[in-house]
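1. this is a predicted model, with the sequence first.
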Amino acid sequence: MKLDPKKYGLSTRVVLIENDQKEIIISINRKSRIIMKDGIKIVDQAHQIQRQEKKTISVKTNAPVCSKTKQFLQKKGIEVRER
């Protein structure tokens, strides 16, 4: 089920999905690699969501994710799923 990003104070370009386990997924659909700069942005988005709802956050993407960025996100409690 899609969620409205405005509810969390995020840009309307951010795609948020809630799955059956009540987990919020940030969906990123692009071709270029996800690097640390993107990882920091994702963590900021996750914090904005968690201020309003105490749910687990994960990222689903079809782009390759930098290994350091993947480790960074996992340390922050954000699971990375690559399609």
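-> That came through, no problem.
2. and for this structure, the residue most distant from the center?
-> In the chain, counting by CA atoms, centre = their mean, D20 sits farthest out from the average C-alpha position, at 16.8 Å.
3. now it: how far from M1?
-> D20 sits 9 Å away from M1, going by CB to CB, to the nearest Å. To be clear about C-beta, it is placed using only N, CA and C from the backbone, and glycine gets the same treatment.
4. check N29 too.
-> 17 Å.
5. S11 - nearest residue in space that isn't next to it in sequence?
-> Closest residue to S11 apart from its sequence neighbours, by CB to CB, 6 or more residues apart in numbering: P5 at 6.4 Å.
6. which ones are touching the one you found?
-> P5 makes contacts with 11-16, as judged by CB atoms under 8 Å, 6 or more residues apart in numbering.
7. are any of these buried, and which?
-> Buried by 16 or more other CB atoms under 10 Å: 14, 16, out of the contacts of P5.
8. kindly reformat the contacts of P5 as JSON lines containing pLDDT, distance to I34 and secondary structure.
-> Listed next are the contacts of P5 as JSON lines, based on pLDDT from 0 to 100; distance: CB to CB, whole Å; DSSP: H, G, I helix; E, B strand; the rest coil:
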{"residue": "S11", "pLDDT": "95", "distance to I34": "17", "secondary structure": "coil"}
{"residue": "T12", "pLDDT": "95", "distance to I34": "20", "secondary structure": "coil"}
{"residue": "R13", "pLDDT": "95", "distance to I34": "15", "secondary structure": "coil"}
{"residue": "V14", "pLDDT": "96", "distance to I34": "14", "secondary structure": "coil"}
{"residue": "V15", "pLDDT": "97", "distance to I34": "14", "secondary structure": "strand"}
{"residue": "L16", "pLDDT": "97", "distance to I34": "17", "secondary structure": "strand"}
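9. between the contacts of P5, which sits nearest I42?
-> Minimum distance to I42 across the contacts of P5 is 9.7 Å, recorded for V14 (CB to CB).
10. wait, T12 sits on K6?
-> Yes: taking contacts as CB atoms under 8 Å, T12 lies within contact range of K6: 6.5 Å.
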